[in-house]
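Participant: dropping the sequence and predicted coords here.
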Amino acid sequence: MFENKILRKIKSLNPEKDHWEIVRLALFYEFPWDAQRALELALYKTYAVPSISKILHQTRELENNTAKRYDDTDILLSLIVEHGLKDNKGKEALERMNWIHAQFKISNDDYIYVLTTFVFDSKRWINEFAYRKLSRNEELALYYVWLEIGAAMGIKDIPNTYEKLEQFHIDYERTNFKYTENNVLLANATENMFLSWYVPESLFETFRPFLHALMEPHLLQAFNRTEPPKQIKDFVRKALRTRSFLESLIPNRQPFYRSTMAKWHHYKDGYKMEEIGPEKIISKCPFPHHLSKEK
């Protein structure tokens, strides 16, 4: 495999000590488009867990204001990964995320599972659809970054090795992915938002199987979906790999930092931190600045 200067740099670093640098090089230089698609799929997968979909459905935020909920999550995670946990912007985003989560009763295992999706669904997407697979340093760096973020969120008993966390991810999905009507309501709202970026509403049902072509069979079962025909799955995979290969040929690719460079679907004129979060919570429960789960 051809190694560009970014990959050579990544391989020269220590994932346990240099994990933030490795992840930023991978996500912002090597795979910015693929990393975002992986994040979207990771968040979508959480709807297959009834305990999570029940909470999300109760707020009605995702179904009634899908673009805002998507942007809120994207902004907070982008700020945290781009700036880390020591910089003020990263710390403020983490505090905001902890404050939002504190308004709901979320189990520790559900927290761990969502954390695992950012590691292993990123790995799955990039390995299947990007121009190259993740190196071992990149895999481990993702683990160490999200381990650190999880600890800052107050999550307990996170498996203490990459392999143990991956096994947790597999076992959790096998045990907890189950069909409910809430799952479907959330999935439909999110799929409609994704489709609206590319096709008119009249073509949503025609193109919905192309989204499902990206999903694993056990995930589709949790939404009572039918697996698309093999021709559609093959077409989608070839199209994505071709896109990634062509992008890799662009010389001197510049990094893409979402918090400053992305075009938001809801916050078209820019976002303010005090606007991020479910609107009912914002109006009823003012945000206490410098909130930390450790205090």
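Facilitator: Received, thanks.
Participant: give the contact list for residue 144.
Facilitator: Counting by Cβ atoms under 8 Å, 6 or more residues apart in numbering, residue 144 touches 15, 16, 19. Heads up, the C-betas are built off the backbone N, CA and C, glycines and all.
Participant: and the nearest residue to the second one once chain neighbours are set aside, how close does it get to residue 271?
Facilitator: Counting by Cβ to Cβ, 6 or more residues apart in numbering, the nearest residue to residue 16 once its immediate chain neighbours are dropped is residue 144, at 6.1 Å. Residue 144 is 29 Å from residue 271, where distance means Cβ to Cβ, to the nearest Å.
Participant: do the same with residue 278
Facilitator: Noted for residue 278: a distance of 15 Å to residue 271, by Cβ to Cβ.
Participant: same check on residue 241?
Facilitator: Look at residue 241 and residue 271: by Cβ to Cβ, they are 33 Å apart.
Participant: and the two? Which one has more around it.
Facilitator: Taking residue 241 and residue 271 together and counting by other Cβ atoms under 10 Å, residue 271 has the greater number of neighbours (17 against 14).
Participant: wait, the more buried one sits on residue 71?
Facilitator: Yes - using Cβ atoms under 8 Å, residue 271 is in contact with residue 71, at 7.0 Å.
Participant: find residues that contact each of the two.
Facilitator: residue 264.
Participant: where does the prediction get shaky in the protein?
Facilitator: Filtered on pLDDT under 70, the chain yields the residue ranges 1-2, 283-295.
Participant: could you redo the last one with a cut-off of 80?
Facilitator: 1-3, 252, 279-295 (pLDDT under 80).
Participant: for this structure, which helix is longest?
Facilitator: helix 108-129 (DSSP state H).
Participant: in the helix or strand following that helix, what counts as buried?
Facilitator: Counting by DSSP states H and E, the element after helix 108-129 in chain order, helix or strand, is helix 136-152. Within helix 136-152, the residues that count as buried by 16 or more other Cβ atoms under 10 Å are 137-147, 149-150, 152.
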